[in-house]
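[1] what's the 3D shape of this:
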Amino acid sequence: MGERSVRDLNMDIAGQLYDMALIHASPHGRMAYKRAAQALLRLDVPVDELASKQPLREIPYIGPASELVIAEALEHGLSPSVATAVGKSRRVKEVREAHAFRTNFLSRAGALKALRSPARGAVKREDYRGDLQMHTEWSDGAESIAGMAKGGVERGYEYIGVSDHSYGLRIARGMSMADVARQHRQIDALNLELNGAFRILKGIEANIPAEGGVDMTEKELASFELVLAAPHSRLRRAEDQTERMLAAVRHPSVRILAHPRGRMYSRQGVLARWDEVFEEAARRDVAVEIDGDPYRQDIDHTLARRALEAGCLLALDSDAHSGDELAYADIALAHARIAKIPPARIVNTWPAAKLLDWAKRKRPRRR
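    Residues are numbered from 1 along each chain as shown. You can find the predicted model right below:
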């Protein structure tokens with residue numbers, strides 16, 4: 001099945017504002033255009049619908065210059081002012097590279113549209129039982145485990161998986177194993193208080209080093225109920241890193257390949273022969289993640305469809321660092337709906353008992 005193109009007006013126009021931010025001479029101008037772009041990406045409705053009801057200037061962070069870009073883009077599809085400015089700049093190559101990085105991202109309005117659209121057989125919000133990637137004050141998150149659990153309950157979840165960073169990722173304040181022991185005692189106490197009404201799972205986001213695999217020993221990983229592995233380095237390299245990712249998928253403790261590319265809106269992420277990685281993940285019973293962080297959206301709906309066709313399970317997660325960011329799971333759900341992923345193939349739709357049974361099951365050997 002061929003890859004599908006999804007039209008997202010707010011994302012398209014935000015991209016043109018980001019182009020202006022990339023080429024603008026002054027720090028103030030760059031920041032102003034970035035804020036305007038981010039304002040469009042946060043809107044609940046397409047900007048043309050909003051513009052028919054109110055002046056564009058009433059949108060927070062939209063000033064005269066960004067208003068002109070938006071108005072031109074609404075009229076012509078592309079802003080002539082942006083095209084002229086980019087053409088006169090010395091950063092045409094950087095702008096073209098930036099366009100390549102931005103493929104298949106969804107704005108909030110685009111994600112909400114996908115969640116509302118008919119997609120027979122695809123996962124729905126009501127199928128979703130729990131979020132399996134989030135970070136707390138134990139690593140680089142802003143909230144307590146109890147606060148994240150409260151956010152999960154408010155969203156109607158049955159469980160959450162707390163997956164703070166491993167000790168190998170010092171930049172994200174990765175946990176030592178002594179920290180892990182203390183965190184697990186805290187989770188045990190919280191689960192006792194919750195008395196079965198809600199479950200907090202003991203997860204970890206292990207780091208995938210340059211050579212592949214993960215940055216923790218199997219003995220250390222055995223203390224967790226769910227192990228995610230993700231790349232956090234070599235994310236701007238032009239080299240093929242298929243073997244690195246295959247080594248991570250083949251690790252006997254890894255259950256979820258999290259934000260596999262490590263891409264962001266401003267970088268390409270890992271380059272790999274992804275169909276080979278997905279085929280190995282399917283053989284090894286490893287789920288491939290759709291990370292809903294608005295600036296990650298990794299993998300996107302086109303790769304998610306290829307993962308589905310390879311036979312993979314998928315995980316849809318927020319990568320939240322605060323309670324408010326748990327809403328990022330909606331973006332992951334939107335990509336899954338566009339890719340028409342059925343709920344049975346998504347581990348977050350499973351009851352906790354089934355999820356934990358899968359997580360601890362002996363892994364099949366490589367063929």
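[2] Please enumerate the strands of the stretch 51-200 of the chain.
    In the stretch 51-200 of the chain, the strands defined using DSSP state E, counting those that start in this stretch lie at 130-131, 159-162, 199-208.
[3] now those in a markdown table, with mean pLDDT and mean neighbour count?
    In this view, the C-beta of every residue, glycine as well, is placed from N, C-alpha and C. Converted to a markdown table, those look like this (pLDDT from 0 to 100; neighbours: other C-beta atoms under 10 Å):
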| stretch | mean pLDDT | mean neighbour count |
| --- | --- | --- |
| strand 130-131 | 98 | 26 |
| strand 159-162 | 98 | 27 |
| strand 199-208 | 97 | 25 |
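[4] Now tabulate these in TSV and tack on distance to Arg337.
    As requested, the strands of the stretch 51-200 of the chain are exported to TSV (distance: least, C-beta to C-beta, whole Å):
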stretch	distance to Arg337
strand 130-131	17
strand 159-162	22
strand 199-208	25
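[5] I'd like to know which of the ones you listed lies nearest to Asp12.
    The closest of the strands of the stretch 51-200 of the chain to Asp12 is strand 130-131. By C-beta to C-beta, the value is 29.0 Å.
[6] elements contacting that closest one?
    strand 159-162 (3 or more C-beta pairs under 8 Å, 6 or more residues apart in numbering; DSSP states H and E).
[7] which ones are touching the closest residue in space to Leu17 that isn't next to it in sequence?
    Leaving aside its chain neighbours, Leu17 sits nearest to Ala37 (3.9 Å; criterion: C-beta to C-beta, 6 or more residues apart in numbering). Listed by C-beta atoms under 8 Å, 6 or more residues apart in numbering, the contact set of Ala37 reads 14-15, 17-18, 21.
[8] give the contact list for Asn10.
    Residues near Asn10 by C-beta under 8 Å, 6+ apart: 40-41, 43, 46-47, 107-110.
[9] Tell me the one of those residues nearest Met148?
    For the contacts of Asn10, the minimum distance to Met148 (C-beta to C-beta) is 21.4 Å, reached by Arg108.
[10] I figured that closest one hits Leu43, correct?
    Yes. Using C-beta atoms under 8 Å, Arg108 is in contact with Leu43, at 6.4 Å.
[11] Who are the packing partners of the helix or strand harbouring Arg306?
    Secondary structure assigned from DSSP states H and E places Arg306 in helix 301-309. Under the contact criterion of 3+ C-beta pairs under 8 Å, 6+ apart, helix 301-309 touches helix 274-284, strand 287-291, strand 313-317, helix 329-338.
[12] how far does the second one sit from the chain's center?
    Chain-centre distance of strand 287-291: 8 Å, with C-alpha atoms, centre = their mean, to the nearest Å.
[13] ok, and what's touching stretch 45-52?
    Around stretch 45-52, the neighbours that count as contacts under C-beta under 8 Å, 6+ apart are 9-10, 13, 40, 43, 56, 59, 70-71, 74, 109.
[14] which sections of the stretch 101-250 of the chain are below the confidence cut-off?
    Of all residues in the stretch 101-250 of the chain, none has pLDDT under 70.
[15] The one helix or strand the residue nearest to Leu17 maps to - what's its average pLDDT?
    If you go by DSSP H and E, Ala37 is part of helix 27-42. Average pLDDT, helix 27-42: 97.
[16] What count of nearby residues applies to Val153?
    When counting by other C-beta atoms under 10 Å, one arrives at 14 neighbours for Val153.
[17] got a list of what the nearest residue to it once chain neighbours are set aside touches?
    Residue nearest to Val153 in three dimensions, not counting chain neighbours: Phe198, with 5.6 Å by C-beta to C-beta, 6+ apart. Residues near Phe198 by C-beta under 8 Å, 6+ apart: 149, 152-153, 157-159.
[18] Going along the chain, name the helices of the stretch 1-150 of the chain.
    9-23, 27-42, 47-51, 64-76, 80-88, 92-101, 108-116, 145-154 (DSSP state H, counting those that start in this stretch).
[19] Many thanks, have a good one.
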